[in-house]
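Trainee: pasting the sequence and the predicted coordinates here, then a few questions.
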Amino acid sequence: MSENAAPNAGHTSGLEGSPLSDEQFLQELRQQMHRFASLQLGDPQLAEDAVQEALVGAIKNVRTFAGRAALKTWVFAILKNKIADSLRQRQRFVDADQLLGADREGHDHDELFDRRGHWLKDERPAHWEDPEAAIHDKHFWRVFESCLNYLPARQAQVFMMREFIELESHEICAAAEITVSNLNVTLHRARLRLRECLENNWFGREEG
Amino acid sequence: MKNCREVTRLLSESQERELTLAERTSLKFHLAMCSGCRNFGKHLGTLRKIARSYAHGAADRTEDSDNRDK
């Protein structure tokens, strides 16, 4: 290891040889983090701040991590906390319209059920073969990301607060300024839609 | 007697809170007869696992393994 590796910050000399010294890796990581944070916060500038803070934390502790996977996991854990903080902090100031986006989801899943509220024949959830295996398949994750992007913004946000950041109901209601019943409806819709999308594009593919 | 829309709603809520005895009973009744809603219930568990794996970087770990030479 060269001693001149990090001329301007003694603290970060450990970057040499770490994943964070790989420009391309860092670039991709930033993008992922930014996408994640933007969806959550609905504000690119706040998202950038959260990403920045999380990365600074990572650089300070970079020597702790053996590989990229460990580093990423850890960086995202910090990022999740930053986002949660940011959401809690501004719950009073937030403009509900901005956070939730236009309410364009009034009856979006009605086509799944008939008039009596029973599954339409083609929409009835099927058996999923070996769902655990999907987690190890990178093609699956592309499908998952597309399905997530396909959700109306408000549903995606609430769903991610619940399932990615693992906030409790009351925390989401406070951050998003919605009632519990609104939260339940939104999560129900998001799950219906996401489930359907995954079945149509992954789990139900091989039929014949 | 609950229909599938109501049952999926209850199943979804059970991910956030403990259902009441009455709710659980009506669920059981419906699920005994409806494979679509039974599958839906299982998928909710899967969805949660998938989402948490994703948030913990599972997608990136798969990329690491076979992105190297190509």
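Mentor: Done, it's in. Numbering: from 1, shown residues only, chains lettered A, B, ... in the order given.

Trainee: how about residue B:15, what does it touch?
Mentor: By Cβ atoms under 8 Å, 6 or more residues apart in numbering or on different chains, the contact set of residue B:15 is A:162, A:187, B:44, B:48. C-beta coordinates here come from the backbone N, C-alpha and C atoms, glycine included.

Trainee: pretty sure residue A:140 contacts residue A:134?
Mentor: Yes - the pair formed by residue A:140 and residue A:134 meets the contact definition of Cβ atoms under 8 Å, at 4.2 Å.

Trainee: could you chop chain A up by domain?
Mentor: A:10-89, A:97-203 (automatic domain parsing).

Trainee: these: which one's closest to residue B:2?
Mentor: domain A:97-203 (8.4 Å; Cβ to Cβ).

Trainee: hang on, the earlier thing: shared neighbours, residue A:140 and residue A:134?
Mentor: Residues touching both residue A:140 and residue A:134 (Cβ under 8 Å, 6+ apart) are residue A:202.

Trainee: for chain A, name the helix or strand with the lowest mean pLDDT.
Mentor: Every helix and strand in chain A was compared by mean pLDDT, DSSP states H and E; the lowest is helix A:96-100, with a mean of 46.

Trainee: so, low pLDDT: which residues of chain A?
Mentor: Within chain A, the stretches falling below the threshold (pLDDT under 70) are A:1-17, A:62-66, A:69, A:90-110, A:206-208.

Trainee: helices of that one, start to end?
Mentor: The residue ranges that make up the helices of chain A, judged by DSSP state H, are A:23-41, A:44-60, A:68-89, A:96-100, A:131-134, A:138-150, A:153-163, A:169-176, A:180-198.

Trainee: tell me the most buried of those?
Mentor: The densest packing among the helices of chain A, expressed as mean neighbour count by mean count of other Cβ atoms under 10 Å in any protein chain shown, is seen in helix A:153-163 with a mean of 22.

Trainee: what packs against that one?
Mentor: For helix A:153-163, the packing partners by 3 or more Cβ pairs under 8 Å, 6 or more residues apart in numbering or on different chains; DSSP states H and E come out as helix A:23-41, helix A:96-100, helix A:138-150, helix A:169-176, helix A:180-198, helix B:35-55.

Trainee: any chance of a markdown table for those, columns distance to residue A:75?
Mentor: A markdown table is the format used below for the helices and strands packed on helix A:153-163 (distance: least, Cβ to Cβ, whole Å):
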| stretch | distance to residue A:75 |
| --- | --- |
| helix A:23-41 | 7 |
| helix A:96-100 | 24 |
| helix A:138-150 | 17 |
| helix A:169-176 | 22 |
| helix A:180-198 | 25 |
| helix B:35-55 | 12 |
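
Trainee: closest to residue A:49 out of those helices?
Mentor: helix A:23-41 (8.7 Å).

Trainee: the closest one versus helix A:138-150: what angle between them?
Mentor: Relative orientation of helix A:23-41 with respect to helix A:138-150: 40 degrees, computed using axes from the mean of the first three to the mean of the last three Cα atoms, to 10 degrees.

Trainee: how about the contacts made by the most centrally placed residue in chain B?
Mentor: With distances taken as Cα atoms, centre = their mean, the residue of chain B nearest its centroid is residue B:44 (0.5 Å). With contact set as Cβ under 8 Å, 6+ apart, residue B:44 has these partners: A:191, A:195, B:11-12, B:15.
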